[in-house]
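1. Take this sequence and fold it.
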Amino acid sequence: MAKAIMIQGTMSNAGKSLLAAGLCRILKQDGYKAAPFKSQNMALNSFITREGLEMGRAQVMQAEAAGIEPSVLMNPILLKPTNDMGSQVIVNGEVVGTMAARDYFSYKKKLIPEVMRAYETLAAEYDMIVLEGAGSPAEINLKQEDIVNMGMAKMAKAPVLLVGDIDRGGVFAQLAGTLMLLEEDERQMVKGLIVNKFRGDQTILDPGIARLEELCGVPVTGVVPYMHVDLEDEDSLTERFEKKTEVSLVDIAVIRLPRISNFTDFHVFEQFPGVSLRYVKKTSELMEPDMIILPGTKNTMQDLAWLRQSGLEAAILKAKENGAVIFGICGGYQMLGETLADPKGVEEGGSMRGMGLLPIDTVFAGEKTRTRVEGTLNKLEGTLAEVSYAPLYGYEIHMGRDMLKEGWMQAVTMLKDQEEGGISKCDGAQVQNVYGTYVHGIFDSSEVSRGVVQALAKAKGVTLKDLETMDYQSYKERQYDLLADTLRKHLDMKQIYQIMEEGI
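-> Next up is the predicted model:
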């Protein structure tokens with residue numbers, strides 16, 4: 001069975017996901033076959049595996065760092081919030097239903113056999129497992145029947161590294177207080193402390209580190225600087241949404257819907273010189289972008305109502321009339337249609353009019369579409385015409401079914417039959433400068449993203465340089481290596497390897 005190490009945090013956004021990814025990369029570089037594992041993830045950014053199963057993107061990112069194919073075994077439980085009180089519950093990649101928080105709290109103990117089956121399957125195949133907790137292990141109101149923090153560490157017999165976020169302040173109280181609230185047997189499982197996101201002169205911090213080790217009786221295995229690596233972050237707490245981005249030569253605005261999902265679809269545009277990618281939630285922030293993207297959402301109808309009430313719908317319609325490209329993905333695509341209906345109460349129930357920019361009607365069904373896809377763009381019209389027939393890949397994940405108006409054949413993508421290799425279906429719809437598709441990750445193809453940027457620049461009469469050198473997959477690989485290099489410098493890897501060897 002694999003040796004294990006678990007990263008837990010004093011709070012959400014302490015840096016667990018990134019540190020776990022970094023350890024996966026280091027283990028890969030050192031010749032080990034490593035895999036990530038998070039028993040329960042709450043996120044709206046999800047991914048579809050080759051088998052058509054759904055998992056959280058954080059574990060996909062960590063699997064990429066480890067150089068392995070993502071598997072739903074790495075994230076057996078995924079919770080996708082539908083509102084402030086409930087979530088869609090996905091087990092082993094399949095939807096089992098939507099539950100209120102209290103109902104799930106009593107239900108989750110039934111999932112322990114599924115969690116352990118997934119973990120033990122991975123542990124039998126890999127040399128090392130890097131586990132990640134969720135939130136904090138010191139949430140004393142949630143500790144009963146815990147399956148993601150100390151409860152999972154016990155089941156996996158995994159020693160724990162506890163991470164505190166010094167950037168938010170109070171890191172000594174974070175770490176010492178968390179240990180204080182743990183049971184004695186849980187405290188014994190914490191084999192190292194990590195101070196994360198440090199800025200400044202570490203010699204000033206050293207006396208506090210010495211005192212912390214004295215108080216807690218646990219060694220500090222590293223002080224990690226605030227890292228400027230560009231990798232996917234946890235969707236609920238991403239700093240991308242709050243970043244103030246200056247408008248560049250080509251300007252792309254993503255509408256920041258309240259329940260935005262899979263915003264990783266657009267990260268690639270941040271890498272192009274001369275391109276600004278901005279997340280917008282007010283009409284005053286929209287300005288005059290060259291392209292407006294309506295992203296995916298976990299609640300299409302409710303977010304469309306918000307779009308309408310906020311005034312952004314009217315602003316988008318005006319921008320369209322002024323020549324801006326409007327591009328909708330998944331829920332954003334559905335919003336661009338004429339009507340949305342939910343007869344079975346999959347989302348809100350009832351029906352509502354769409355934005356009326358594409359000739360589709362959407363009906364929400366009880367069964368979720370989950371599939372990986374590849375193919376090409378169709379022949380496009382409007383500003384993006386020169387991107388026609390560019391190769392693409394990605395995945396579909398949605399509850400709705402769109403119905404094109406009779407006789408309408410202007411699809412956005414042509415997708416291949418995975419077994420036969422021919423065209424199996426057309427997806428999406430387009431009218432002039434308005435485009436919509438169900439394909440998440442469509443821009444990850446360098447031919448598509450580069451083509452879109454070039455087309456927007458040409459329409460605006462500006463020239464962008466160095467576009468041909470941009471390869472998103474190579475860029476991500478460099479970021480994983482940068483992450484690993486930084487952690488090697490600031491973590492005591494010899495001590496961490498010893499902790500893994502000794503176990504608990």
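2. only C-alpha atoms for contact and neighbour calcs from this point on.
-> Noted.
3. In this structure Met6 contacts Pro159, no?
-> Yes: applying CA atoms under 8 Å as the test, Met6 and Pro159 come out as touching, 6.1 Å apart.
4. Look at Tyr497 and tell me its secondary structure.
-> What DSSP: H, G, I helix; E, B strand; the rest coil gives for Tyr497 is helix.
5. Count the neighbours of it for me.
-> Number of residues near Tyr497 (other CA atoms under 10 Å) recorded here: 15.
6. how close does it get to Pro159?
-> As judged by CA to CA, to the nearest Å, Tyr497 and Pro159 stand 11 Å apart.
7. what do you get for Lys425?
-> For Lys425, the distance to Pro159 equals 49 Å [CA to CA].
8. which residues of the stretch 401-504 of the chain score low on pLDDT?
-> Low-confidence segments of the stretch 401-504 of the chain (pLDDT under 70): 405-409, 417-423, 469.
9. just the strands in it please.
-> Secondary structure of the stretch 401-504 of the chain (DSSP state E, counting those that start in this stretch): strands located at 413-416, 423-427, 429-431, 434-437.
10. Same check on the stretch 101-250 of the chain?
-> Going by DSSP E, counting those that start in this stretch, the stretch 101-250 of the chain shows strands at 128-132, 160-165, 190-198, 220-225, 250-255.
11. so can I have CSV of those strands showing mean neighbour count and distance to Ser71?
-> Output for the strands of the stretch 101-250 of the chain, formatted as CSV (neighbours: other CA atoms under 10 Å; distance: least, CA to CA, whole Å):
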stretch, mean neighbour count, distance to Ser71
strand 128-132, 27, 13
strand 160-165, 28, 23
strand 190-198, 22, 28
strand 220-225, 22, 29
strand 250-255, 24, 29
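12. Same list (the ones you listed) but as TSV, adding mean pLDDT and distance to Ala176.
-> Output for the strands of the stretch 101-250 of the chain, formatted as TSV (pLDDT from 0 to 100; distance: least, CA to CA, whole Å):
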stretch	mean pLDDT	distance to Ala176
strand 128-132	98	20
strand 160-165	98	10
strand 190-198	98	10
strand 220-225	98	12
strand 250-255	97	41
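13. what's the longest strand in this structure?
-> strand 360-377 (DSSP state E).
14. who has more neighbours, Lys425 and Pro159?
-> The neighbour comparison of Lys425 against Pro159 (other CA under 10 Å) goes to Pro159, with 28 against 12.
15. Quick check: phi and psi at the more buried one.
-> Note on Pro159: backbone dihedrals following degrees, to the nearest 10 are phi -60, psi 150.
16. how about it, what does it touch?
-> Residues counted as contacts of Pro159 (CA atoms under 8 Å, 6 or more residues apart in numbering) are 4-6, 153, 189-191, 499-500, 503-504.
17. Go through stretch 269-289 and flag the buried ones.
-> 269, 271-272, 274-281, 283, 286, 288-289 (16 or more other CA atoms under 10 Å).
18. With respect to Pro81, which of those is nearest?
-> Closest approach between these and Pro81, by CA to CA: Lys281, at 19.6 Å.
19. pretty sure that closest one is touching Leu257, no?
-> Yes: using CA under 8 Å, Lys281 makes contact with Leu257 at a distance of 7.0 Å.
20. Any regions of the stretch 51-200 of the chain where pLDDT drops low?
-> Along the stretch 51-200 of the chain, no part satisfies pLDDT under 70.
21. And the helices in it?
-> For the stretch 51-200 of the chain, the helices defined by DSSP state H, counting those that start in this stretch cover 57-66, 101-107, 112-125, 150-156, 171-181, 184-187.
22. Make JSON lines out of these and add mean neighbour count.
-> Shown next, in JSON lines, are the helices of the stretch 51-200 of the chain (neighbours: other CA atoms under 10 Å):
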{"stretch": "helix 57-66", "mean neighbour count": "25"}
{"stretch": "helix 101-107", "mean neighbour count": "13"}
{"stretch": "helix 112-125", "mean neighbour count": "17"}
{"stretch": "helix 150-156", "mean neighbour count": "21"}
{"stretch": "helix 171-181", "mean neighbour count": "17"}
{"stretch": "helix 184-187", "mean neighbour count": "14"}
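23. closest one to Met352 among the ones you listed?
-> When those are compared by CA to CA, helix 101-107 sits nearest Met352, at 27.9 Å.
24. how about the CA coordinates for that closest one, as PDB?
-> What follows is helix 101-107, C-alpha atoms only, in PDB (Å, rounded to 0.1, in the frame of the first residue of the first chain):
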ATOM      1  CA  ALA A 101     -26.900  20.900   4.300                       C
ATOM      2  CA  ARG A 102     -28.500  19.200   7.400                       C
ATOM      3  CA  ASP A 103     -29.700  16.200   5.400                       C
ATOM      4  CA  TYR A 104     -26.300  15.700   3.900                       C
ATOM      5  CA  PHE A 105     -24.600  16.000   7.300                       C
ATOM      6  CA  SER A 106     -26.600  12.900   8.500                       C
ATOM      7  CA  TYR A 107     -26.300  11.100   5.200                       C
END
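25. how far out from the middle of the chain is that helix?
-> 24 Å (CA atoms, centre = their mean, to the nearest Å).
26. same question, stretch 102-115
-> Distance, stretch centre to chain centre, for stretch 102-115: 23 Å (CA atoms, centre = their mean).
27. domains of the chain?
-> Domains of the chain are assigned by automatic domain parsing as 3-231+477-502, 250-463.
28. and Phe241, which of the ones you listed is closest to it?
-> Closest approach to Phe241 among the domains of the chain is made by domain 250-463 (5.7 Å; CA to CA).
29. ok, Gly164 to Ala34 distance?
-> 24 Å.
30. Please tell me how far Asp361 sits from Leu294.
-> Distance of Asp361 to Leu294, given as CA to CA: 17 Å.
31. right, I mislabeled it, should have said Glu54
-> From Glu54 to Leu294 the distance is 22 Å (CA to CA).
32. With Leu53 instead?
-> 25 Å.
33. Go ahead and confirm Met189 touches Val160.
-> Yes: using CA under 8 Å, Met189 is in contact with Val160, at 5.9 Å.
34. hmm, back to that, got CSV for the strands of the stretch 101-250 of the chain, with distance to Glu114 too?
-> Shown next, in CSV, are those (distance: least, CA to CA, whole Å):
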stretch, distance to Glu114
strand 128-132, 16
strand 160-165, 22
strand 190-198, 25
strand 220-225, 33
strand 250-255, 37
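35. what's the closest of those strands to Asp485?
-> Minimum separation from Asp485 across the strands of the stretch 101-250 of the chain (CA to CA) falls at strand 220-225, 11.5 Å.
36. Show me what that closest one packs onto, helices and strands only.
-> Judged by 3 or more CA pairs under 8 Å, 6 or more residues apart in numbering; DSSP states H and E, strand 220-225 is in contact with strand 190-198, helix 472-490.
37. Identify whichever of the ones you listed lies nearest to Leu44.
-> That would be, of those and by CA to CA, helix 472-490, which comes in at 21.3 Å.
38. For the closest one, buried residues please.
-> 472, 476-477, 479-484, 486-488.
39. Could the C-alpha coordinates of it be exported in PDB?
-> What follows is helix 472-490, C-alpha atoms only, in PDB (Å, rounded to 0.1, in the frame of the first residue of the first chain):
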ATOM      1  CA  TYR A 472      -1.200  26.800 -22.700                       C
ATOM      2  CA  GLN A 473      -0.300  23.200 -21.800                       C
ATOM      3  CA  SER A 474       3.400  24.000 -21.900                       C
ATOM      4  CA  TYR A 475       2.800  27.100 -19.800                       C
ATOM      5  CA  LYS A 476       1.000  25.100 -17.100                       C
ATOM      6  CA  GLU A 477       3.800  22.600 -17.000                       C
ATOM      7  CA  ARG A 478       6.300  25.400 -16.300                       C
ATOM      8  CA  GLN A 479       4.100  26.700 -13.500                       C
ATOM      9  CA  TYR A 480       4.000  23.200 -11.900                       C
ATOM     10  CA  ASP A 481       7.800  23.100 -12.000                       C
ATOM     11  CA  LEU A 482       8.000  26.600 -10.600                       C
ATOM     12  CA  LEU A 483       5.700  25.600  -7.700                       C
ATOM     13  CA  ALA A 484       7.900  22.500  -7.000                       C
ATOM     14  CA  ASP A 485      11.100  24.500  -7.100                       C
ATOM     15  CA  THR A 486       9.800  27.000  -4.600                       C
ATOM     16  CA  LEU A 487       8.600  24.400  -2.200                       C
ATOM     17  CA  ARG A 488      11.900  22.600  -2.300                       C
ATOM     18  CA  LYS A 489      13.600  25.800  -1.200                       C
ATOM     19  CA  HIS A 490      11.300  26.500   1.700                       C
END
